[in-house]
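predicted coordinates and the sequence they were generated for:
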Number of protein chains: 2
Amino acid sequence: MSLRNALLALLSSGPMTGYDVAKRFASSVGFLWHAPNSQIYPELRKMEREGLLATREIPWGTKGVTKTEYSVNDAGLDALATWQEEPMTYTPDRDPARLKAAYFEMGSPEAAQHNLREHISHFEYQRSQALDEINRIDSGTSPTLTRRLQNLPEEKHAKTIAFKRFAYEGRVIQAEAEIRWAQRGLELLEKLDDTGGG
Amino acid sequence: MSLRNALLALLSSGPMTGYDVAKRFASSVGFLWHAPNSQIYPELRKMEREGLLATREIPWGTKGVTKTEYSVNDAGLDALATWQEEPMTYTPDRDPARLKAAYFEMGSPEAAQHNLREHISHFEYQRSQALDEINRIDSGTSPTLTRRLQNLPEEKHAKTIAFKRFAYEGRVIQAEAEIRWAQRGLELLEKLDDTGGG
């Protein structure tokens, strides 16, 4: 149900066509919950059928073509509120990097070193992505958040901004932890190499 | 393929029946790559069919019943070495806790507070599990690791122990990052509450 909640949350910032949902998803909530367009479009139609979204046809271009615009109705807003009252869900741990690292002795030290460096690069990119989003939040240049605030009473702005920022801070904290871990691994490889593998 | 690699890695510590694989999996590598028995047994049979595992029938009890004992053959050892030379794989980010936190303003402060406390409890448990495993590694009381070392030449012991420990250190580092994040969230809730939600 997380994709559904992510789409409801995104659409609660204001009405959008399916195309706009997919586009904005990839540049906002998609950082927290990745989903390909092949999942987004069917889920939108499913949510409409289930009465969580209202739709209207809006003109598209000049040839009398129309596009479907989705908006969250009261049932959708209730679903968002219900989601927030529900407990957190946790998936069982399945970490390919941790699994591989536990058996580094079965491969070459070079492969272990390469993979730890890749781990650092991966999470340095993750961290920079999250920091970019935090900068957009702080500078008021996040398109989706800006639109959301325009549709919210002034007194709700501080909370709305603070929680978005908090979520991306979590991504930064997590990425930095992974980078620290991999750096510790590179030090371990050097130590084991000095001692001839012990 | 991670489950397959996890099973090969476990079985490389020594031959086991399917029952022993499932039992030991849950108390060792299963902390890094969770899998239910319903996945483990079929995968073992698949790996045997594909020539990665050798099997022999061993007596079970006194009534002439036998059980299948699995062991990693040369093809299985090659597969483990190949896995270690392959690059790390990363799944797209899908974090239900981060997603929910980004929209805490849509629920009650009480729900947000409750969920952040649950987040802390969840990762305190994860951390304690990983620290227990590190203690078993350090004290030489991890059954699977002990058995693995018995089948390894002395000069490979240090690396084998060090990388297991390193993997669980990663779980500790990750859990502590999540705890720090959630504690920051609790402080944020108090701050927003003082300012009447901004």
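Right, received. Where do you want to start? Numbering: from 1, shown residues only, chains lettered A, B, ... in the order given.

ok, the residue most central in space within chain A - contacts?
In chain A, the centroid-proximal residue (CA atoms, centre = their mean) is A:Leu32; its distance is 1.5 Å. Contact analysis of A:Leu32 by CB atoms under 8 Å, 6 or more residues apart in numbering or on different chains lists A:6, A:167, A:171, B:93, B:95, B:98-99, B:102. Backbone N, C-alpha and C define where each C-beta goes, glycine included.

and the residues you listed, which is closest to A:Leu145?
Closest approach between the contacts of A:Leu32 and A:Leu145, by CB to CB: B:Ala102, at 10.2 Å.

can you give me the strands in chain A?
A:16-17, A:53-59, A:66-72 (DSSP state E).

out of those, deepest packed?
Most buried of these by mean neighbour count (mean count of other CB atoms under 10 Å in any protein chain shown) is strand A:16-17; its value is a mean of 19.

before we move on, back to that, and the strands of chain A as a markdown table, adding distance to B:Gln126 and mean pLDDT?
Output for the strands of chain A, formatted as a markdown table (distance: least, CB to CB, whole Å; pLDDT from 0 to 100):
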| stretch | distance to B:Gln126 | mean pLDDT |
| --- | --- | --- |
| strand A:16-17 | 38 | 96 |
| strand A:53-59 | 37 | 95 |
| strand A:66-72 | 35 | 95 |
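
and A:Arg127, which of those strands is closest to it?
For the strands of chain A, proximity to A:Arg127 was assessed by CB to CB; strand A:16-17 is nearest, at 29.0 Å.

contact partners of the closest one?
Outside strand A:16-17, the residues that touch it by CB under 8 Å, 6+ apart are A:10, A:24, A:58, A:67-71.

likewise stretch A:87-103?
A:112, A:115-116, A:119, A:178, A:185, B:2, B:5-6, B:9, B:29, B:31-34, B:80, B:83-84, B:88-91, B:96-97, B:100, B:114-115, B:118-119, B:122, B:126, B:163-164, B:166-168, B:170-171.

in it, which residues are buried?
The neighbour-count check on stretch A:87-103 (16 or more other CB atoms under 10 Å in any protein chain shown) flags A:88, A:93, A:95-103 as buried.

I'd like the mean pLDDT over that stretch, please.
The average pLDDT for stretch A:87-103 rounds to 92.

any chance of the strands of chain A in TSV, plus distance to A:Ser142?
Output for the strands of chain A, formatted as TSV (distance: least, CB to CB, whole Å):
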stretch	distance to A:Ser142
strand A:16-17	15
strand A:53-59	23
strand A:66-72	19
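
which residues of chain A score low on pLDDT?
Low-confidence segments of chain A, defined by pLDDT under 70: A:196-198.

show me where chain A has its helices.
A:2-11, A:18-26, A:37-49, A:74-85, A:96-101, A:109-138, A:143-150, A:157-194 (DSSP state H).

which residue packs closest to A:Arg180, ignoring adjacent ones?
Closest residue to A:Arg180 apart from its sequence neighbours, by CB to CB, 6 or more residues apart in numbering or on different chains: B:Ile173 at 6.1 Å.

so that neighbour touches A:Ile179, yeah?
No: counting by CB atoms under 8 Å, B:Ile173 stays clear of A:Ile179, with 10.0 Å between them.

tell me, how many residues neighbour A:Asp132?
Neighbour count for A:Asp132, taken as other CB atoms under 10 Å in any protein chain shown: 13.

so how far is chain B from it?
15 Å (CB to the nearest CB, to the nearest Å).

with A:Ala35 instead?
In terms of CB to the nearest CB, A:Ala35 sits 8 Å off from chain B.

same check on A:Ala6?
Applying CB to the nearest CB, the value for A:Ala6 to chain B is 6 Å.
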